[in-house]
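Q: structure of the sequence below:
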Amino acid sequence: MNFADKVALNILAKTMGSGLLIVSSIIMTRYLAKDTYGTYLQAMLLVNTVVMLSFVGLPQSFYYFFQQIGNKRRFIARNVLFGVAIGIVVALLMVIFKTALARMLGNVALERYVLLLALIVLLQSPLCFKEAIFYSTDALIASSLCSVTGAVIDYLPLYYAVISGWSLERLFLVFIASKAVNLAVFFLLLKKFSLDQLPRGGSDDVGPSIGILDQVRYAIPIGGAGYLGVVGSQVDKYIVSNAFSPEQFAVYSRGAMEVPFISTITYMLNDITLPRYVAAYKNRDVPQLLGLMHTNIDKVAKINLAVFAFLFVQAPLLIEILYTRQYVEAAPIFRVYLGSLLFGVTVYNMIPTVTGNTHILFKTTLFSTTIKILLCWGLIHLWGTMGVAVGVILETLLHTAYRLFYCVRILKVGWSEIMPWSNTAKIGLAAAASGAVAALGQWLLGMLGVGGNLLTFSLSFLFFCYFYLFVLHSTRMLHDEDRAFLKRWLRFDLFLFMPRLGRRATSPS
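A: Numbers count the residues shown, from 1 in each chain. Got it, this is the predicted structure:
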């Protein structure tokens, strides 16, 4: 299996996890009362925030040092054990400060569940190094297997518990059991696909001597920025959670959701390409580094911009299909949040990370977090939860510009070189035109009396996809590798009867 197909397999595996998460939210909005569902979402917000705060920066240090160290098997084992140790400490801190955590989220009912949430964090901790280990050992198949089995084990028992009417406490117990099984699966795949493929008894004398403190020192600048980044990424939810009822928090959370698998693509492509980025910079080959970056941007932009255009048109219909009319007021918030797709075509922290300028990450993230808090707190008094959503997107715009400014300075290139502006703009125009066609198609279906929200949504999606691919194909913005990839995965030539106009496609870089 070639590299592109392995990447696609990992993306599909991540997509499955995101899809099952959406299914869980669909089931919960139908079987749980709004206040119970809001409490569940607050609990998961706490777990996810704690895990991210505990490990931010450390997986990146694994990427950086793994290729340099001699005894790679010992290095992997040390990092996994380090993850367990961190998990124990963090779980104990959660139990000690359970009252303060519940009050911070504005829901004292959470206090009774903190011990269970701490156990979830403890079992999740070693898994934070999963992708760093599998990607660094070129075990991409193992990574996809771990993602798929992990998603199935996490969510299928949860579905059964929710549909059966189990209490919130029992739902968390089910989650704990699922995490324990997932941890066992991870260790089995780690041994078979990573440890057993590495030479035994590597020498610590080969290459530089690297200890836990070296990893921590490398991770501190990334971690400092990461801590602020985690706070910044979740601060809007904490503001809404503290200022509004669990029911209102549930509605906001459904609007502020990430589109399944889309955000995963950017970060996964970046993580899988990270060793190539590092190698290019170490060879002082900036054009190659930018070429790799632009190639990934081209792939991600074709997906992100298309998803933005289609879902912006279909937002009210999608929310009603997924979460019933009870949550339809979440549609405007969802439309605002879709703006993040426009800025998410690349990982802007990649260049400071691979060039060793990790101190810049703290500056940019401090700027971002401060602006976000000010905007969200200011706008919440004007427009309520919608004001919080608008504040998030305005901050994203400012943060993106700020990070690009530093990337230009680090690589000593012009603004016209750092991003494939022209190519991305053309993709955006194609997506916008296709969104207009989807809206027209939906209107025609209404005129023809085609009933059913799901049927209307599905037919509009087909209109959009065909027209979008037709525009990309006819203007030669689809490259040969894109067409070959689609042919392999669709099992037929979708473009056989599509005329192509314009000049031959050039490289996105």
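
Q: show me where the stretch 351-500 of the chain has its helices.
A: 359-383, 385-411, 415-418, 421-447, 453-474, 480-490 (DSSP state H, counting those that start in this stretch).

Q: off-centre distance for the third one?
A: Pointing back at helix 415-418 there. Helix 415-418 sits 26 Å away from the centroid of its parent chain (CA atoms, centre = their mean, to the nearest Å).

Q: same for it, what does it pack against?
A: Applying 3 or more CB pairs under 8 Å, 6 or more residues apart in numbering; DSSP states H and E, we find helix 415-418 packed against helix 385-411. Where you see a C-beta, it was placed from the backbone N, CA and C, and this is true even at glycine.

Q: could you do the first one as well?
A: Helices and strands touching helix 359-383, by 3+ CB pairs under 8 Å, 6+ apart, are helix 212-243, helix 350-354, helix 385-411.

Q: what does the fourth one give?
A: Other helices and strands packing on helix 421-447, by 3+ CB pairs under 8 Å, 6+ apart, are helix 286-323, helix 453-474.

Q: tell me how far that helix is from the chain's mean position?
A: For helix 421-447 - counting by CA atoms, centre = their mean - the centre lies 25 Å from the chain centre.

Q: between it and helix 286-323, how big is the angle?
A: If you take axes from the mean of the first three to the mean of the last three CA atoms, to 10 degrees, helix 421-447 sits at 20 degrees to helix 286-323.

Q: so for helix 421-447, what gets flagged as buried?
A: Buried residues in helix 421-447, counted by 16 or more other CB atoms under 10 Å: 423-424, 426-428, 430-431, 434-435, 437-439, 441-442, 445.

Q: and that helix, what's its mean pLDDT?
A: Mean per-residue pLDDT for helix 421-447: 90.

Q: do the same with the last one
A: Helix 480-490 carries an average pLDDT of 77.

Q: what residues does that helix touch?
A: Residues outside helix 480-490 that contact it (CB atoms under 8 Å, 6 or more residues apart in numbering) are 4-5, 8, 299, 302, 473, 493-495, 505.

Q: using PyMOL, define a selection of the buried residues within the residues you listed.
A: The following PyMOL line selects those of the contacts of helix 480-490 that are buried, judged by 16+ other CB under 10 Å:
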select buried, resi 8+299+302+473+495+505
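
Q: neighbours of I239, how many?
A: 20 (other CB atoms under 10 Å).

Q: please report the distance of it from L382.
A: Computed as CB to CB, to the nearest Å, the I239 to L382 distance reads 14 Å.

Q: can you check A139 too?
A: Distance from A139 to L382, by CB to CB: 50 Å.

Q: A33 too?
A: Look at A33 and L382: by CB to CB, they are 30 Å apart.

Q: likewise L459?
A: 38 Å.

Q: how about the contacts made by the residue lying closest to L394 once chain neighbours are set aside?
A: Excluding the flanking residues, the one nearest L394 by CB to CB, 6 or more residues apart in numbering is L375, at 5.5 Å. Contact partners of L375, counting by CB under 8 Å, 6+ apart, are 390-392, 394-395.

Q: show me which of the residues you listed are buried.
A: Of these, these count as buried by 16+ other CB under 10 Å: 390-392, 394-395.

Q: redo these as CSV? Include pLDDT and distance to V216.
A: Shown next, in CSV, are the buried ones among the contacts of L375 (pLDDT from 0 to 100; distance: CB to CB, whole Å):
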residue, pLDDT, distance to V216
V390, 94, 38
G391, 93, 34
V392, 91, 31
L394, 93, 35
E395, 90, 29
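
Q: can you count the residues close to the nearest residue to S125 once chain neighbours are set aside?
A: Excluding the flanking residues, the one nearest S125 by CB to CB, 6+ apart is G87, at 2.8 Å. For G87, the count of nearby residues is 24 (other CB under 10 Å).

Q: secondary structure element for G87?
A: Using DSSP states H and E, G87 maps to helix 72-96.

Q: now the helix or strand following that helix: mean pLDDT?
A: Of the helices and strands lying after helix 72-96 in sequence (DSSP H and E), the nearest is helix 98-104. Across helix 98-104, pLDDT averages out at 92.

Q: and for stretch 254-269?
A: The pLDDT scores in stretch 254-269 average 76.

Q: got the CA positions of that stretch in PDB?
A: The C-alpha trace of stretch 254-269 is given here as PDB (Å, rounded to 0.1, in the frame of the first residue of the first chain):
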ATOM      1  CA  ARG A 254     -24.600  21.400  19.100                       C
ATOM      2  CA  GLY A 255     -24.000  24.600  17.100                       C
ATOM      3  CA  ALA A 256     -20.400  24.900  18.100                       C
ATOM      4  CA  MET A 257     -19.600  21.300  16.900                       C
ATOM      5  CA  GLU A 258     -16.800  20.400  14.600                       C
ATOM      6  CA  VAL A 259     -17.700  18.900  11.300                       C
ATOM      7  CA  PRO A 260     -16.800  15.200  11.500                       C
ATOM      8  CA  PHE A 261     -13.400  14.300  10.200                       C
ATOM      9  CA  ILE A 262     -12.700  17.600   8.400                       C
ATOM     10  CA  SER A 263     -10.500  19.100  11.100                       C
ATOM     11  CA  THR A 264      -8.800  15.800  11.400                       C
ATOM     12  CA  ILE A 265      -7.500  15.900   7.900                       C
ATOM     13  CA  THR A 266      -5.300  19.000   8.300                       C
ATOM     14  CA  TYR A 267      -3.700  17.800  11.500                       C
ATOM     15  CA  MET A 268      -3.200  14.200  10.300                       C
ATOM     16  CA  LEU A 269      -1.600  15.300   7.100                       C
END
